[in-house]
Structure formats: structure tokens, C-alpha cells
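Asks: Sequence and predicted structure below; questions after.
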Amino acid sequence: MKITKDLYQGSLTLLLDYYQLTMAYAYWKSGKAEEEAVFNLFFRKHPFNGGFTLAAGLEYVVDFCSNFKFSKEDLNYLGAMKNQDGSRVFDKAFLDYLKEMDFSCDIDAVEEGTVVFPNEPMIRVKGPLIQCQLLETPLLNLINFQTLIATKAARINLSAKGESVLEFGLRRAQGIDGALAASRAAYIGGCSSTSNVMAGKLFGIPVSGTHAHSWIMAFPSELEAFEAYAGAFPDKTTFLIDTYDTINGVKNAIKVGLQLREKGKEMLGVRLDSGDLAYYSNEVRTLLDKAGFPDAKIVASNDLDEHIISSLKNQEASISVWGVGTKLVTAYDQPALGAVYKLAALKNSKGEWEPKIKLSQQSLKINIPGYHTVKRFYSKDKAVADMIHLEGQEYTKGSLVIIDPSDQTRRKRIMPAFYQEEELLKPIFKKGKKKYKLPSLDEIKVKAKKQLDSFDKTHKRLVNPHLYPVGLEENLHHLRMELILKSKEENGAD
Ligand SMILES: Nc1ncnc2c1ncn2[C@@H]1O[C@H](COP(=O)(O)OP(=O)(O)OP(=O)(O)O)[C@@H](O)[C@H]1O
Ligand SMILES: O=P(O)(O)OC[C@H]1O[C@H](OP(=O)(O)OP(=O)(O)O)[C@H](O)[C@@H]1O
Ligand SMILES: O=C(O)c1cccnc1
Ligand SMILES: [Mg+2]
């Protein structure tokens with residue numbers, strides 16, 4: 001296997017769980033494959049005990065769906081699967097059916113860079129049951145990770161309060177795509193650059209960096225190492241000063257900074273990668289200022305995350321650029337977002353949508369049934385509440401109540417007439433045809449910033465964030481309650 005050439009063999013369609021194929025086969029056998037269904041992709045809880053989540057990964061979904069086709073190699077592989085008695089797992093006729101299958105679903109989704117909340121559909125797929133089911137795991141795979149990392153990056157950037165955050169994660173990322181997708185999502189979440197050159201090449205993310213301890217160690221002395229680096233990159237001099245002794249290190253940096261100044265060049269700054277970053281950054285700042293380098297920046301790195309950055313800010317550390325790797329790209333404290341993909345409605349023989357419910361002992365896990373959508377209400381530029389409602393359901397523009405799906409005693413009265421409304425789900429595919437112009441990565445990044453700015457800071461704080469109101473429109477709430485009771489009765493649940 002040559003990973004550079006052979007890994008995906010031009011088709012990602014088998015990037016699914018085996019049970020999707022067995023269900024697909026059984027839907028086909030039982031004549032249900034072409035029934036029309038609606039599935040929703042949503043998560044139940046914000047990651048990192050936070051108060052918001054930043055959507056990312058849709059561009060990958062668009063690409064995946066646009067190329068959804070079982071290749072000859074895919075079908076050969078499935079055709080060779082055998083049961084214990086030597087018979088084929090999948091009939092030849094079924095494989096012929098898969099061969100002819102063209103992606104024909106409608107997909108509506110929140111755009112990348114949108115702030116999203118638990119229970120809201122992030123992606124809604126409507127189409128033949130078999131196709132909807134085949135999309136389950138790839139969509140989750142593509143959305144869960146990038147949304148997680150974009151959210152982590154947003155939290156880190158919010159802690160840095162507008163100062164630059166450089167993403168340094170490649171060396172500790174989870175493999176190749178874990179690194180590339182993380183660099184992309186980190187940029188959406190607000191990082192200003194990546195150290196990952198391939199992500200720079202593939203996505204157009206600005207690349208940046210300093211140098212390593214090994215550079216210093218490769219020379220007889222730190223001073224000579226700084227001089228050599230300044231010789232090679234007189235315009236890009238950020239010296240790593242903690243290899244031997246941070247205070248001596250900054251003194252050496254100042255010496256080389258003065259030499260550069262004589263040549264009409266300016267030292268950009270220094271980097272600290274160990275020790276007490278509050279203490280050393282302040283000592284180093286004082287020395288740089290005294291030596292006439294008030295504009296030289298202090299970059300800090302070393303296992304940083306949003307909590308340490310926020311603590312360093314509270315300690316009034318003199319750091320103005322933050323290099324963050326491991327804890328960002330691995331989402332260290334919560335390595336997965338738990339988005340799920342559930343059937344919400346199925347069309348009956350009369351052509352009506354039948355809402356579907358899944359019961360659970362945990363009320364948090366009972367899905368929102370029906371063919372529904374989500375609206376956001378804004379007062380001026382501030383988001384005030386989100387409402388999930390049945391598609392096509394009329395609701396009053398006067399006073400209405402929205403009800404929290406996980407606690408029906410939490411209700412909020414809103415007056416839609418006073419607000420601007422935004423439909424969060426945008427049309428992406430209609431009957432398998434792409435209807436959406438993909439924004440550039442920079443446009444997504446700008447959108448993410450604007451979205452985050454439209455939420456009150458109480459929803460964005462790291463500790464015990466204030467809950468943003470998301471509720472079901474009353475008719476949908478009643479439908480859900482009725483279905484829960486009916487399903488409990490019919491299925492003999494306690
Ligand atoms: N003033 C500070 N307040 C809070 N956390 C800090 C402060 N200074 C450094 N840290 C963090 O404390 C941790 C220190 O880790 P550790 O003790 O392993 O590093 P170190 O010994 O300083 O450096 P290294 O092991 O890389 O030489 C890092 O996560 C760092 O970001
Ligand atoms: O700490 P992170 O957020 O992951 O940022 C990237 C780290 O990678 C580099 O060193 P590396 O960790 O390889 O070695 P060192 O820390 O032992 O110097 C760099 O100096 C940072 O410390
Ligand atoms: O450029 C840097 O300083 C850098 C890059 C990757 C990891 N740590 C630091
Ligand atoms: Mg390290």
C-alpha cells in the first residue's frame with residue numbers, strides 16, 4: 001500500500017459502517033429502499049462544557065455527496081464478501097442496483113462558521129431511505145471532527161482576546177487527515193496561521209513559524225545560532241530564547257536585534273517555550289523595552305489551551321502571540337463531538353410525512369420527530385433565541401412560546417415580529433444536484449467571527465456559560481409529547 005497514491009483509490013463511498021450496507025441490502029430486499037425519508041444530523045451537548053459550538057466540515061460533505069458513486073473496485077470488493085456457507089453476502093442484483101445508484105437526495109445544512117446548539121439539525125437529508133442510511137456515518141465522520149476542532153479553536157482564540165494564535169499541531173495530530181482537517185478547522189475557528197505546510201498548500205491557509213531548540217543546539221553557542229538565523233532570514237527573526245537560560249537568551253536576542261537594526265532590519269520578537277510563562281514574559285518584556293525593542297513581540301508556546309491562556313491573561317503576562325498545538329488539534333480534553341444522525345420522518349403511502357421518535361430512558365436522547373427546521377431570531381445584530389419548528393408549520397408572529405426540548409419547564413416567550421429571522425438550514429443539494437456555491441475558507445472564517453460576535457459574551461465564557469435559548473415551537477413540542485406517550489404505550493415501555 002502506497003499511502004500517497006493508493007489509499008482511497010479515487011472513491012470514498014465505502015467510508016461507511018458495515019451495518020449501513022446490511023441495512024441497505026435489507027431495505028432493498030423488503031421493498032423499502034425508495035421510500036422517502038428525512039434524517040437529521042445533530043448533537044446533544046456542547047463540547048468542552050461550553051456554551052456554543054461552531055459548525056465546520058460542510059465542504060467535505062458537499063464533496064463526498066457530489067462524488068457519491070460505487071466504483072467498480074468498490075463493487076468487486078462487496079461482491080467477493082462471503083457468508084460462512086460460502087454464499088455471497090450481497091446478491092448480484094443488489095450490486096447492480098448499487099452500481100446504478102445516483103445520489104438524488106435533498107440536503108439542507110447550516111453553513112460552516114455558523115454557531116449551533118444542541119438538538120438543532122445541522123444537516124437535514126431527505127431522499128430515498130437507502131441513500132439517507134448510506135450517508136449516516138460518512139456525514140458524521142466529516143462533521144464531528146471539524147466542528148469539534150473549530151469550536152476548540154474558537155474557545156482558544158476568544159481567550160487570546162484578538163491576539164494571534166498560531167496553530168502548531170501537526171506533530172501530535174491524529175494521523176494525516178486528523179492533521180489536515182484540524183488545520184482547516186482551526187483556521188475557521190480564528191487561528192491566524194498553521195505550521196502545517198501541506199495545509200497551506202491545499203487550503204491556502206497562511207503558514208508561519210519560528211525555529212526549534214535543535215537549531216540552537218546545532219551551533220557552538222546560542223549567540224552564533226541567532227546570528228546565523230538572522231543572516232538567513234533578516235525579515236523573519238523570532239528567536240527561541242529558552243534553550244539554555246531564558247534571561248541570557250533574551251540578552252543574546254537583543255544583541256542580534258541591534259546588529260539587525262544597523263542593517264536597517266527589525267527583530268520581530270522572541271519565543272518562550274518553557275518555565276513560568278507569566279514570570280518570564282514580564283522579565284523579558286522589561287529587558288526588551290529597556291533595550292529599545294518595545295515592538296518586539298513575545299510568542300509563547302508549551303501545552304497551551306484556552307484555560308492556560310486565560311489564566312496567563314489574568315496574571316498580566318506580556319505575551320501577544322500564542323503558539324498552540326497538541327491541545328488544539330487533538331481536542332485534548334474532549335476528543336470527540338457526539339453528533340448523531342437519526343430518522344425524523346418517513347412518507348406514508350398517502351404521501352404524508354409520518355414523524356418518527358426514538359425513546360430513551362434519558363430524556364436528553366429522545367430525538368425531535370418530524371420534518372423540521374430551525375430559525376434564529378436577531379435583535380439588531382444580537383442573536384436572541386433559536387426556534388425548531390415543523391417545515392411548513394404556520395406560527396404566530398405575535399407572542400409565542402418556545403419550549404426547551406430537554407426540560408419542558410424551561411420556556412421562553414418571544415415576539416417574532418420584533419426580530420429579524422434567519423433560516424439556519426440553507427439548500428445545498430436538490431434531488432442530488434448541487435445548489436450551493438461553496439464559500440472560500442477566508443469567507444467562512446469571516447462568517448465564524450461575525451457569528452461569534454452576534455452572541456452575548458455570557459454564552460461564550462469558559463466556566464458555567466449562560467444557556468442560550470433554543471426551543472421547540474409549541475405545535476412541534478405537543479407532537480413530540482404525544483408521540484412519546486403513544487410510543488411508550490404501544491411498545492410497552494414503563
Ligand atoms: N504562569 C503560568 N500559569 C499557568 N500555567 C502556566 C504558567 N506558565 C506555564 N504554564 C503552563 O504550565 C505547564 C508547564 O509544563 P511543564 O512543567 O511540563 O513545562 P516546563 O518544565 O516549563 O517546560 P519543558 O518541559 O517544555 O521544558 C505548561 O502547560 C505551560 O503552558
Ligand atoms: O506544546 P504544543 O501546544 O503542542 O505546541 C507545539 C510544541 O511543539 C514544539 O516542541 P515539542 O513539544 O516538540 O518539544 P518540547 O516541548 O519538548 O520542546 C514547540 O516548541 C511546542 O512546545
Ligand atoms: O514554528 C514554530 O515555532 C513551531 C512549529 C511547530 C511546533 N512548534 C513550534
Ligand atoms: Mg512540548
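Replies: Yes, it's here. Ligands and ions are numbered 1, 2, ... in the order given.
Asks: so where is the stretch 201-350 of the chain shaky, pLDDT-wise?
Replies: Applying pLDDT under 70 to the stretch 201-350 of the chain flags no residue at all.
Asks: Would you map the helices across it?
Replies: 213-217, 222-232, 246-262, 277-290, 306-314, 326-329 (DSSP state H, counting those that start in this stretch).
Asks: who wins for proximity to residue 47 among these?
Replies: Closest approach to residue 47 among these is made by helix 306-314 (11.9 Å; CB to CB). Yep, even glycine has a C-beta here, placed from its N, CA and C like the rest.
Asks: so where does residue 183 fall, helix or strand?
Replies: helix 175-188 (DSSP states H and E).
Asks: I figured residue 347 hits residue 34, correct?
Replies: No. Residue 347 is not in contact with residue 34 according to CB atoms under 8 Å; the separation is 10.5 Å.
Asks: Tabulate the helices of the stretch 201-350 of the chain in TSV, adding columns for distance to residue 337 and mean neighbour count.
Replies: As requested, the helices of the stretch 201-350 of the chain are exported to TSV (distance: least, CB to CB, whole Å; neighbours: other CB atoms under 10 Å):
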stretch	distance to residue 337	mean neighbour count
helix 213-217	35	15
helix 222-232	40	18
helix 246-262	38	19
helix 277-290	29	18
helix 306-314	16	18
helix 326-329	14	23
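Asks: Count the neighbours of the residue in the stretch 301-450 of the chain positioned nearest to ligand 1 for me.
Replies: Nearest residue of the stretch 301-450 of the chain to ligand 1: residue 303, at 3.4 Å (CB to the nearest ligand atom). The number of residues packed near residue 303 is 12, by other CB atoms under 10 Å.
Asks: go on, residue 333?
Replies: Around residue 333 there are 13 residues (other CB under 10 Å).
Asks: wait, isn't it in contact with residue 327?
Replies: Yes. Counting by CB under 8 Å, residue 333 touches residue 327, with 7.5 Å between them.
Asks: what's the overlap in contacts for those two?
Replies: Common neighbours of residue 333 and residue 327 are listed as residue 305 (criterion: CB atoms under 8 Å, 6 or more residues apart in numbering).
Asks: Now do the residue nearest to residue 491 when sequence neighbours are not counted against residue 171, distance only.
Replies: Spatially, and ignoring its direct neighbours in sequence, residue 491 is nearest to residue 359 (7.1 Å; CB to CB, 6 or more residues apart in numbering). Counting by CB to CB, to the nearest Å, the gap from residue 359 to residue 171 is 45 Å.
Asks: So the two - more neighbours on which side?
Replies: residue 359 (14 against 11).
Asks: quick one, what contacts the residue nearest to residue 280 when sequence neighbours are not counted?
Replies: The shortest distance from residue 280 to any non-neighbouring residue, by CB to CB, 6+ apart, is to residue 246 (5.0 Å). Contacts for residue 246 (CB under 8 Å, 6+ apart) come out as 272, 274-275, 280, 283-284.
Asks: try 10 Å
Replies: 270, 272-276, 279-281, 283-284 (CB atoms under 10 Å, 6 or more residues apart in numbering).
Asks: With residue 330 instead?
Replies: Contacts of residue 330 (CB under 10 Å, 6+ apart): 148-149, 152, 169, 172-174, 178, 182.
Asks: next one: residue 321
Replies: So residue 321 contacts 160, 163-166, 192, 208, 210, 238, 268-269, 271, 297-301 (CB under 10 Å, 6+ apart).
Asks: Name only those of those that count as buried.
Replies: Burial by neighbour count, 16 or more other CB atoms under 10 Å: within the contacts of residue 321 this picks out 160, 164-166, 192, 208, 210, 238, 268-269, 271, 297-301.
Asks: which residues sit against the helix or strand containing residue 421?
Replies: Per DSSP H and E: residue 421 is located in strand 420-423. The contact list for strand 420-423 (CB under 10 Å, 6+ apart) reads 108, 110, 114, 373-381, 383-384, 386-387, 397, 454.
Asks: Apart from its neighbours in sequence, what residue is nearest the single nearest residue of the chain relative to ligand 3?
Replies: Closest residue of the chain to ligand 3, CB to the nearest ligand atom: residue 209 (2.6 Å). Of all residues not flanking residue 209 in the chain, residue 195 sits nearest, at 4.8 Å (CB to CB, 6+ apart).
Asks: need the contact list for that neighbour.
Replies: 166-171, 183, 207-210, 323, 325.
Asks: Now the closest residue to ligand 2 within the chain. Its backbone dihedrals?
Replies: For the chain and ligand 2, the shortest gap (CB to the nearest ligand atom) falls at residue 325, measuring 2.9 Å. Phi and psi for residue 325, reported as degrees, to the nearest 10, are phi -120, psi -90.
Asks: Next, show the common contact partners of residue 347 and residue 34.
Replies: residue 129.
Asks: So which bits of this structure are right by ligand 3?
Replies: With CB under 6 Å from any ligand atom as the criterion, the chain comes near ligand 3 at residues 168, 195, 209-210, 301, 323, 325.
Asks: all helices of the stretch 1-150 of the chain, in order?
Replies: So, for the stretch 1-150 of the chain - with DSSP H, counting those that start in this stretch - the helices run 18-29, 58-66, 72-79, 92-100, 129-134, 136-159.
Asks: Next, format the ones you listed as CSV and append distance to residue 450.
Replies: Below are these laid out as CSV (distance: least, CB to CB, whole Å):
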stretch, distance to residue 450
helix 18-29, 37
helix 58-66, 17
helix 72-79, 41
helix 92-100, 42
helix 129-134, 32
helix 136-159, 12
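Asks: Point out the most buried one among those helices.
Replies: Ranked by mean neighbour count under mean count of other CB atoms under 10 Å, those are led by helix 136-159, which reaches a mean of 25.
Asks: how many degrees apart are that one and helix 175-188 in direction?
Replies: Going by axes from the mean of the first three to the mean of the last three CA atoms, to 10 degrees, helix 136-159 is angled at 50 degrees with respect to helix 175-188.
Asks: still on that earlier bit, the residue of the chain closest to ligand 2 - nearest residue in space that isn't next to it in sequence?
Replies: The spatial neighbour of residue 325 that comes closest, neighbours along the chain excluded (CB to CB, 6+ apart), is residue 168 at 3.7 Å.
Asks: these two touch, right, the one you found and residue 194?
Replies: Yes. With contacts counted by CB atoms under 10 Å, residue 168 reaches residue 194, the gap being 8.1 Å.
Asks: So for the two, which sits in the more crowded spot?
Replies: residue 194 (28 against 25).
Asks: Would you mind naming the residues that bridge with that one?
Replies: Taking DSSP bridges as the rule, residue 194 bridges to residue 167, residue 207.
Asks: got a pLDDT number for it?
Replies: On pLDDT, residue 194 comes in at 99.
Asks: Pretty sure residue 188 is one of the things it touches, is it not?
Replies: No. Between residue 194 and residue 188 there is no contact under CB under 10 Å: 11.7 Å.
Asks: shared neighbours, the two?
Replies: With CB under 10 Å, 6+ apart as the test, residue 194 and residue 188 both reach residue 205.
Asks: can you pull the pLDDT of residue 363?
Replies: At residue 363, pLDDT is 73.
Asks: how many other residues sit next to it?
Replies: Counted with other CB under 10 Å, residue 363 comes out at 12.
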